[in-house]
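# give me coordinates for this.
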Amino acid sequence: MKIPLDYLCVRSGLLCNRCQSLVDSGQVDQFEVKVMEALLDLEETQFRELKDATYYKAIRSGNLLILLVESPPSIDSSKWIKIARALQDKLKLKVRILEKTTSIKNSAVQLLSPARVLGVNTVWLPDGSVQYVIRVAKNEKRLLPANAVDLENALSKIHDTKVKIRVE
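You can find the predicted model right below:
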């Protein structure tokens, strides 16, 4: 798997100057080193297909860990679900793996699954900023993978903009 840090640094736990500067600057969080190590372990032991995948970021919101990856054609969504389950066992967190995309709707559909996204509204605020409202059916609220606040925080971090989830 292609990762932003050096393989040797992640494996040993001792970071070189370049890797340490990435962690210090905030481009890579400290907990992401453990996530990368777990992914490399899975690549060696169970999922050889991961060598062609690219890791971008891990976002932790509450008890939910969201991984942003770019997937090769050899890994389909069912394989990513198996990888997420294996990571859950290793990290003791609920794991969701999302394909990196610039579309808020695509990210929301992947993250909120199995709940259906009814739509995404763009709200222009008086100060000139933009807020996105993701609409989910009331009867599917129980299908959300985590509470709405954690999901809102995660989507906001992924897209660097304010995101709200409205159950209607």
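
# how about the contacts made by the residue lying farthest from the centre of the chain?
Relative to the centre of the chain, and counting by Cα atoms, centre = their mean, the farthest-placed residue is residue 126 at 30.7 Å. Residue 126 makes no contacts at all, as judged by Cβ atoms under 8 Å, 6 or more residues apart in numbering. Bear in mind the C-beta positions are built from the backbone N, C-alpha and C, glycine included.

# that one falls within a helix, correct?
No - using DSSP: H, G, I helix; E, B strand; the rest coil, the assignment for residue 126 is coil, not a helix.

# tell me how this structure divides into domains.
Segmentation of the chain into domains, based on automatic domain parsing, reads 7-99, 104-167.

# for those, which has the smallest mean pLDDT value?
For those, mean pLDDT drops lowest on domain 7-99, to a mean of 87.

# chain center to that domain, what's the gap?
Here the centre of domain 7-99 is set off from its chain's centre by 9 Å, with Cα atoms, centre = their mean, to the nearest Å.

# ends of it, how far apart?
Taking Cα to Cα, to the nearest Å, the first and last residues of domain 7-99 lie 22 Å apart.

# do the same with stretch 116-131
End-to-end span of stretch 116-131 (Cα to Cα): 20 Å.

# that stretch: which residues count as buried?
Judged by neighbour count (16 or more other Cβ atoms under 10 Å), stretch 116-131 contains these buried residues: 117, 120.

# how about stretch 33-45?
Under 16+ other Cβ under 10 Å, the buried positions of stretch 33-45 are 33, 35-40, 42-43.

# out of these, which are inside helices?
33, 35-40, 42-43 (DSSP state H).

# what about the strands in the protein?
Under the criterion DSSP state E, the chain contains strands at 54-61, 64-70, 94-99, 117-124, 130-136, 162-167.

# need the ones you listed in JSON lines (columns: distance to residue 13).
Below are those laid out as JSON lines (distance: least, Cβ to Cβ, whole Å):
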{"stretch": "strand 54-61", "distance to residue 13": "17"}
{"stretch": "strand 64-70", "distance to residue 13": "19"}
{"stretch": "strand 94-99", "distance to residue 13": "21"}
{"stretch": "strand 117-124", "distance to residue 13": "39"}
{"stretch": "strand 130-136", "distance to residue 13": "38"}
{"stretch": "strand 162-167", "distance to residue 13": "34"}
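
# any idea which of the ones in helices among the buried residues of stretch 33-45 is closest to residue 151?
Nearest to residue 151 out of those is residue 35 (Cβ to Cβ; 19.0 Å).
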